[in-house]
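Trainee: Dropping the sequence and predicted coords here.
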Amino acid sequence: MSVALLVPVAAASLLGSIHCAGMCGGFVAVVGEGVSGRARWASQLSYNAGRLLSYVLLGAAAGSLGHAVDLAGSAAGIGRVAALISGSIMILWGMGALLETQGVRIFRGRWSLPKQVTEALASVRRLPATWRGLVLGLATTLLPCGWLYAFAVTAAGTASPLEGALLMAAFWAGNLPVLLGLGVALSTAVGRVRRHVPVLSAAVIFCVGLFTVTARANLPAFAAAAVGHYRPSSVAVVPRPGDCPCHRKQP
Amino acid sequence: MSAAFEIGAPVPGPARAQRESQCAHCGLPVSAARFEPLDEAQFCCDGCRSVFAIVHGAGLEEYYAQRAQSETQTFAPQRSQRKFEELDEPAFRESYCRDRGNGAFRSEFFVEGVHCSACVWLLERLPRVAPSVLEARYDLTRSVLQVTWDSASAPLSEVARALDSLGYTPHPTHATSLAAEQRKGDRALLLRLGIAGAAAGNVMLMALALYSGKYAGMASEYAALFRWGSLAIATPAVFWVGNVFFRGGFAALRTRTPHMDLPVSLGLLVGYLGSAANTVRGQGEIYFDSLCTLTFLLLVGRYLQRTQQRRSTKASDLISALAPTTACVVDGDALREVPATTVAIGSMIEIRVGERVPVDGVISLGSSALDTSLLTGESFPREASVGDRVHAGTTNLSAPLRVRVESVGVETRLGRLMQSVETTQRERAPIVRLADRVAGYFVLAIVGIAVITLLVWLRLDASHAIDHTVALLVVTCPCALGMATPLAVSAALRAAARCGILFKGGEFIEELARPGIMVFDKTGTLTEGRLALVSWFGNEATKALVRAAEATSGHPIGCAFQRSIADSDLECSERQEYPGGLRARVVGREVLVGSQSFVMTTLGSLPVWAMTQAKAHAAAGRTPVLVAVDGEVCALAAFADTLRADAAASLLKLAELGFQLQVLSGDDQRVVDSVVRQLGVPMMNATGGASPEAKLAAVSAFRAAGQRVFMVGDGVNDAAAMAAAHVGIAVHGGAEACLSAADVFTTHPGLETVALAAAGSKRTMRVIRIGIGLSLAYNVLGIALAVTGRLDPLLAAILMPISSITVVTAALRARTFRQMRAS
């Protein structure tokens, strides 16, 4: 896999980070409460470090899941199933999010944290600022944030723990500027774009999904074999006969 | 998707204008789709909502003020209803809590998720978890928990939170209805069932693949895929779906009550942890298929049980035993037949001749005679006309009536009576309490055996220790004790009600199942209770004269004449009643009808034949009545209280069941003797001339001698003797008097129902005993197989729910009280 996917992901994350500022801004405030100067920078750093760690873990887990799905798919004779599935999920998700901005709501449930978790997180106020930052940074993955999980699905589509982790790191990188720069004339810079953020985010998710599906789609083994030695690009991988389970040697 | 939907109490306030909504947390626009009209604070997404709650929880509301906003408005977080704070409001206290004195208050809550008597036991031990609770009583049929707590030591919200923490969320009864709560509970259970089923199916498929792979060989990465896949699917199945069992097991530990969910929870937990460890290690057996199948099948059993349980005896069932289930509503010019419970108050219904009244009401058209014997025991018909009140359960005898409805169903006089019966039926019969205790010891024994099994197998063959322990925990099922017995009792009560036998409680079924001395009253019990003309000596033409003379008489003899002789159209001009007889003038003839002494006194002398016959009749226990026309005795009528048609057969049946029969009557000894002779059934004893006090003394003497005594008689006159007996069975006398005095009331007069009651009780106890016996046998076999390592957890997981379902179904469907004739 390549830098090919990391760059769009980082860019998309940057574009959608306006909402991240709004939502996680609350966390940042809790983290930075009562501290200033060096301690404040330390707490902000620990917060973002915690975020990175939790995103990376999420990406690795998602990638492993994708790998398992791929394995199952290859047993059925379809290659790179994870990418197909994750891309389709993202496309549908993006469409649903777009519809929601226009007033049509498909999923009617509420997705909220159990109250014990909310209370536990609220109680971090007692901790020293740096620890606060770390805990809240790690807990960011627990928040029911569709944007984050959409990218986790993309990470699953990479079908590799390592690539999934890298993808989430790229996502983190895109968020970083906004979350670090909080409080620095944010509102004036963002003000005019604010109204369009929901539509923008939905469109981004849709596009990332599209990219995942088309760039990573693969032909079934027999079709690829029929086509012969055709290798379209570096991102597509043609399964070899040795991949087919019925031709494997018994251990 | 979180299953915990946040129930925020809507904070009243002005509904926000939809167009301008901004997220209360991040300031981004809130789309129309996410707009909640009832909430004061709007959010663009669930993430913002969550962080908002966290920020407020941390006490940092000023964060919002600091943000530069074009519209600054801060919002208070919505109060979580899970804190139950609304229960502490004075308005709630005033309306829904009853003062019991000394600062103690009582309130009621719906509590869902209670499926067995161990759960009830557990809830009633609420004081162990919440010390301010003085008493907790659970009504299984209404799903209502009645809590009496000391308001001085803790607020009601704390009690509610304690209940919630046990896993049984309380809902105030006023805020919702039982039907609504049951529907919610049903939906939740069905959802769990669906997920458990899907999980079980998928895990079984993967298990199939793994088993096949063991024989045919499987690449290690595929094996790993299936093992991890099974783990991934089994985890929500065991922990989210199986949470119902963990909740029960955990609550059992907290209240120190042995509960059936405890071994199941342990089995699931041990099985899951062992299999998960093996999955991570990459070697060893995994048992996710057994665990998922177990949760699925257990939930199926639980779902079936819920539907059956709700049909246990309710006042409405009892009412339908006594009053008709349909009513004829007057709709303009047409008449419509509707269910009696749906009749609207104030509407008009029509009651035809011979029909029983279905509701309470006031007559608005027509006048008729009503037979109120069912309610009051008065066999004499009561005249009623416009403006008079009629009651459900009475019979309309002579003319159609139009009645304006005043109360329906459980609100009628009959209904309230049945409600009191239902209340006493809820007390747990001794056998049920025994079953509860035994179930408790059983559970403890199982846990002990499981621990021993685990330790022993760890030494013998450590790789299979977990499997055998899980198999043991899973295969044992004290279901017959915990669930089947109470269900059998309530099913029997219901079946008995359908046959017209109302037991005031399950303990009377138990008592009646064991024979002893059965004492009968005579009049009305063994006999019809009404005099009938059994012999006529004299001219047939005289009958017509007598009939005309007695046409309007209310005297029992007069009524007997009215019943026995066809009405003649002869005119009766004068009529005078005296004690002992009457004198009348019918078509110019002077007619005298009366007892021997009355006629003797009036006429001065009696012919010899009359005196001889009268003496003969009296000796035979019949009442002689002389008829004199124009001063000359010309006919003699003999009346007797006829034996009930079914009496002899029923008494024989009771004797076969092992009862010793005895008659205690207030009537003359000669009459009693003649009745016994007619019955032809061997009796222990037959005593006449017994006053109510003498009856009481006799019954108490039997009791004191250690005998089991049953009293069958009239609810009104024999009340004292009935109370003294082990079981008092009232066969006539009106529902109201009977149900307050007796323990069993039969709605069909006669002894056939008594025999049925005794036979049915015996069958019920046999059903219970068979159920317990089979369950014990199954458990012993299962334990033996599991402990010796011959039982596979999957097989155990299939066997246990099946045995549970069959035992419970058999208990519910056993034919205990069977109607012997069409009612």
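Mentor: Structure received. This is a predicted model, so every value here is computed, not measured. Residues are numbered from 1 along each chain as shown, chains lettered A, B, ... in the order given.
Trainee: How about the residues of the stretch 51-200 of chain A by chain B?
Mentor: Counting by Cβ under 8 Å from any Cβ of the partner chain, the stretch 51-200 of chain A comes close to chain B at A:68, A:71-72, A:75, A:99-105, A:109-115, A:118-119, A:121-125, A:143-146, A:187, A:194-195, A:197-198. Quick note: C-beta positions are derived from backbone N, CA and C, even for glycine.
Trainee: Sort out which of the residues you listed are in helices and list them.
Mentor: Residues of those located in helices (DSSP state H): A:68, A:71-72, A:75, A:99-101, A:115, A:118-119, A:121-122, A:146, A:187, A:197-198.
Trainee: quick one: the strands in the stretch 601-750 of chain B?
Mentor: Applying DSSP state E, counting those that start in this stretch to the stretch 601-750 of chain B gives strands spanning B:623-629, B:632-643, B:660-664, B:685-687, B:709-714, B:727-732, B:744-746.
Trainee: which of the residues in the second one are buried?
Mentor: Neighbour counts over strand B:632-643 (16 or more other Cβ atoms under 10 Å in any protein chain shown) mark B:633-643 as buried.
Trainee: Quick one: mean pLDDT for the longest helix anywhere in chain B?
Mentor: The residue-count maximum for a helix in chain B (DSSP H) belongs to helix B:178-216. Mean pLDDT, helix B:178-216: 87.
Trainee: Following element in sequence after that helix, please.
Mentor: Per DSSP states H and E, helix B:178-216 leads on to helix B:220-236 as the next helix or strand towards the C-terminus.
Trainee: so what does that following helix touch, helix or strand wise?
Mentor: On a contact count with 3 or more Cβ pairs under 8 Å, 6 or more residues apart in numbering or on different chains; DSSP states H and E, helix B:220-236 meets helix A:38-75, helix B:178-216, helix B:261-281, helix B:288-309.
Trainee: out of these, deepest packed?
Mentor: helix B:288-309 (a mean of 23; mean count of other Cβ atoms under 10 Å in any protein chain shown).
Trainee: Average pLDDT for it, rounded please.
Mentor: On average, the pLDDT along helix B:288-309 is 82.
Trainee: now B:A162: how far from B:G666?
Mentor: Counting by Cβ to Cβ, to the nearest Å, the separation of B:A162 from B:G666 is 58 Å.
Trainee: and if you look at B:A704?
Mentor: 23 Å.
Trainee: of these two, who's got more company?
Mentor: B:G666 (17 against 9; other Cβ atoms under 10 Å in any protein chain shown).
Trainee: If you drop the residues flanking it in sequence, what lies closest to the more buried one?
Mentor: B:A690 (5.8 Å; Cβ to Cβ, 6 or more residues apart in numbering or on different chains).
Trainee: The one you found - how many residues pack around it?
Mentor: If we define neighbours as other Cβ under 10 Å, then B:A690 has 21 of them.
Trainee: now stretch B:673-688: how far from the chain's centre is it?
Mentor: From the chain centre to the centre of stretch B:673-688 is a distance of 38 Å (Cα atoms, centre = their mean, to the nearest Å).
Trainee: what do you get for stretch B:596-615?
Mentor: Distance of stretch B:596-615 from its chain centroid, counting by Cα atoms, centre = their mean, is 59 Å.
Trainee: Pull the residues that contact it.
Mentor: Here stretch B:596-615 makes contact (Cβ atoms under 8 Å, 6 or more residues apart in numbering or on different chains) with B:537, B:578-581, B:583, B:592, B:594, B:624, B:626, B:628, B:631, B:633, B:636.
Trainee: what two of the residues you listed have the greatest distance between them?
Mentor: Greatest spatial distance in those: B:F537 and B:P579, 24.4 Å, computed using Cβ to Cβ.
Trainee: So for these two, which sits in the more crowded spot?
Mentor: Of the pair B:F537 and B:P579, B:F537 is the one with more neighbours under other Cβ under 10 Å, namely 15 against 9.
Trainee: between the helix or strand where that one lies and strand B:709-714, how big is the angle?
Mentor: Following DSSP H and E, one finds B:F537 within strand B:527-538. Taking axes from the mean of the first three to the mean of the last three Cα atoms, to 10 degrees, strand B:527-538 and strand B:709-714 form an angle of 50 degrees between their directions.
Trainee: quick one: buried residues of strand B:527-538?
Mentor: Buried-residue list, strand B:527-538, by 16+ other Cβ under 10 Å: B:527-529, B:531, B:533-534, B:536, B:538.
Trainee: buried sites along whichever strand or helix holds B:A757?
Mentor: For B:A757, the host element (DSSP H and E) is helix B:752-787. Using 16+ other Cβ under 10 Å as the burial criterion, the residues of helix B:752-787 that qualify are B:752-765, B:767-768, B:770-772, B:774-775, B:778-779, B:782-783, B:785-787.
Trainee: Once you drop chain neighbours, what's closest to the residue in the stretch 51-200 of chain A that chain B sits nearest to?
Mentor: Closest residue of the stretch 51-200 of chain A to chain B, Cβ to the nearest Cβ: A:A122 (2.8 Å). Nearest residue to A:A122, sequence neighbours excluded (Cβ to Cβ, 6+ apart): B:G57, at 2.8 Å.
Trainee: which ones are touching the one you found?
Mentor: B:G57 sits next to A:118-119, A:121-123, B:77 when contact means Cβ under 8 Å, 6+ apart.
Trainee: Any chance of a markdown table for the strands of the stretch 601-750 of chain B, columns mean pLDDT?
Mentor: As requested, the strands of the stretch 601-750 of chain B are exported to a markdown table (pLDDT from 0 to 100):
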| stretch | mean pLDDT |
| --- | --- |
| strand B:623-629 | 87 |
| strand B:632-643 | 86 |
| strand B:660-664 | 89 |
| strand B:685-687 | 83 |
| strand B:709-714 | 88 |
| strand B:727-732 | 86 |
| strand B:744-746 | 87 |
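Trainee: Looking at the ones you listed, which is nearest to B:A496?
Mentor: strand B:744-746 (8.7 Å).
Trainee: Quick check: neighbours of the closest one in the sheet, parallel or antiparallel?
Mentor: Strand B:744-746 has these partner strands in its sheet, going by DSSP bridges: strand B:501-503 (antiparallel), strand B:727-732 (parallel).
Trainee: Quick one: the helices and strands packed on helix B:220-236 as JSON lines, columns for distance to B:V675 too.
Mentor: Conversion of those to JSON lines gives the following (distance: least, Cβ to Cβ, whole Å):
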{"stretch": "helix A:38-75", "distance to B:V675": "86"}
{"stretch": "helix B:178-216", "distance to B:V675": "51"}
{"stretch": "helix B:261-281", "distance to B:V675": "59"}
{"stretch": "helix B:288-309", "distance to B:V675": "45"}
